[in-house]
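*Asks:* the sequence and its predicted three-dimensional model are supplied below.
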Amino acid sequence: MNKRIKKIIEIPENIYYHINFFYNDVKNEIIWGWQRLFRGYDDRWFWSIADNLTPILIDCIKYYKSKNDSYPTEFKNRKEWDKILDKIIKGFEIKNKIDYLQYEKFKNRDDFIKEYKRLEKIKIKGMKLFAKYYDNLWD
């Protein structure tokens, strides 16, 4: 087939796909906008609730730590409670760091695994403390 004719045939296909993708994107953005308006979140949140809640929880716990004067009765003073809150915050921040940990930045696989395991321990400790003191995170 002549190259010129082949190019003419390809143009409408490309235009069709661009229009179709644009239409679907606009349609989805409208749907998600309505969902956010009426529900407060949209369907994209279900892809990874942890990824969506982590930044919110970090901000909330930092705010709570800076504004709150109370602490659970099992602690002797506010400083002990602040240390727990710092570990919880650190656990959530490490969760984000682990998600974006890049293998290429390490000299070899063993260094990568060692760093991953170290960060994972900090994350798990913070998450366990969050679960343990979940009911105490109020003003």
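*Replies:* Yep, it's here. Numbering: from 1, shown residues only.

*Asks:* what about residue 59, neighbour count?
*Replies:* Residue neighbour count, defined by other CB atoms under 10 Å, stands at 12 for residue 59. From N, CA and C alone the C-beta is placed, and that goes for glycine too.

*Asks:* now name the helix or strand holding it.
*Replies:* Counting by DSSP states H and E, the element that carries residue 59 is helix 49-67.

*Asks:* mind checking how far the residue most central in space within the chain is from residue 100?
*Replies:* When the chain is reduced to its mean C-alpha position, the closest residue under CA atoms, centre = their mean turns out to be residue 51, at 2.2 Å. Here residue 51 is placed at a distance of 11 Å from residue 100 (CB to CB, to the nearest Å).

*Asks:* ok, now residue 124?
*Replies:* Using CB to CB, one gets 18 Å for the distance from residue 124 to residue 100.

*Asks:* who's more crowded, the two?
*Replies:* Just comparing residue 124 and residue 100: by other CB under 10 Å the higher neighbour count belongs to residue 124, 13 against 6.

*Asks:* quick one: contacts of stretch 93-100?
*Replies:* Contact partners of stretch 93-100, identified using CB atoms under 8 Å, 6 or more residues apart in numbering, comprise 50, 51, 54, 55, 58, 116, 119, 120, 122, 123, 126, 127.

*Asks:* how about the helices in the protein?
*Replies:* Along the chain, the segments classed as helices by DSSP state H run 3-39, 49-67, 78-99, 109-132.

*Asks:* and those helices: which comes nearest residue 138?
*Replies:* Comparing these by their distance to residue 138 (CB to CB), the top pick is helix 49-67, with 8.2 Å.

*Asks:* can you give me the buried ones in the closest one?
*Replies:* Using 16 or more other CB atoms under 10 Å as the test for burial, helix 49-67 gives 54, 57, 58, 61, 65.

*Asks:* ok, those vs residue 29, which is closest?
*Replies:* Closest to residue 29, out of all of the buried residues of helix 49-67 and judged by CB to CB, is residue 54, at 23.9 Å.
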